[in-house]
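> okay, here's the prediction I keep looking at, along with the sequence it came from:
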Amino acid sequence: MKVIYPGSFDPITQGHMDIIKRLRSMFDEVIIAILNNENKSSLFTVEERKDIIEEAIEEEKLTNITIHSFDGLLVNFAKDMDVKLIARGLRGVTDYEYEKNIARVNSTLYEGFETIFLLSNPAYSFVSSSGVREIAAFKGDVSAFVSPSVEKKIKEKFNY
Ligand code: PNS
């Protein structure tokens, strides 16, 4: 069975990596789907995000993971992939409030579409891509939040 793990991944964090590893132990294939949102300014381009994820996955020697990007609606990407299941991580109630609405919209748009939620590892419950971007902008230490290869890419981007 396949599962889609969608997100912005700008950049991928240890929290995302933890969810990916756990999904890998439950499913035959994990399809990472990077949202290519033209309206949202991002730190890394979709191509850069894809390369960063590829490296982080190689670093951990994780198998049966494919990386795609999509624009538009997630349900349309899921239809193209012929997969009706996505997974999202929940760090707390704020994530839950946001995610439950998206999950309901998606299942209304695409009958039978399911979202499963994995509770974030408490060690990463405070980690976010936006937090990482902010620390990086001030040339701070991001090593506790991202993989070594991601840290390298961040330092290249911000010249430190
Ligand atoms: O990492 P993020 O930014 O929290 O991921 C959010 C994501 C990409 C899962 C969500 O924004 C999404 O699926 N966007 C695609 C547009 C879409 O399908 N919207 C319908 C639900 S309101």
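Structure received.
> within range of the ligand, give me the residues from this structure.
6-8, 35, 73-74, 102, 105-106 (CB under 6 Å from any ligand atom). (Glycine included, C-beta is placed from N, CA and C.)
> among these, which two are most distant?
Across those, the longest distance by CB to CB is 17.4 Å; it joins 8 and 105.
> does the closest residue to residue 31 other than its chain neighbours sit in a helix, a strand or a coil?
In space, residue 31 comes closest to residue 4 once its chain neighbours are excluded; the distance is 4.7 Å by CB to CB, 6 or more residues apart in numbering. With DSSP: H, G, I helix; E, B strand; the rest coil as the basis, the three-state label of residue 4 is strand.
> identify the bridge partners of residue 4.
Listed beta-bridge partners, residue 4: residue 31, residue 86 (assigned using DSSP bridges).
> that one contacts residue 87, correct?
Yes: applying CB atoms under 8 Å, one finds residue 4 in contact with residue 87, separated by 7.3 Å.
> ok so, going back, now the residues of the chain next to the ligand: which count as buried?
Among the residues of the chain next to the ligand, those buried by neighbour count (16 or more other CB atoms under 10 Å) are 6-8, 35, 74, 106.
> between residue 4 and residue 87, which has more neighbouring residues?
Taking other CB atoms under 10 Å, residue 4 and residue 87 do not tie; residue 4 has more neighbours (25 against 20).
> neighbours of residue 139, how many?
Summarising burial for residue 139: neighbours were counted as other CB under 10 Å, giving 12.
> quick one: residues contacting it.
Contacts of residue 139 were listed using CB atoms under 8 Å, 6 or more residues apart in numbering, and they are 158, 160.
> what are the buried residues along the longest helix seen in the chain?
Among the elements of the chain assigned as helix by DSSP state H, the one spanning the most residues is helix 93-109. Judged by neighbour count using 16+ other CB under 10 Å, the buried positions of helix 93-109 are 95, 103, 106.
> how about the nearest residue to the second one, chain neighbours excluded?
Meaning residue 103. Taking CB to CB, 6+ apart as the measure, residue 103 lies nearest to residue 115, with 3.8 Å between them; neighbours along the chain are not counted.
> pLDDT averaged over stretch 73-90 - what is it?
Mean pLDDT, stretch 73-90: 98.
> quick one, what contacts residue 113?
Taking CB under 8 Å, 6+ apart as the contact definition, residue 113 lies against 75, 78, 84-86, 106-107.
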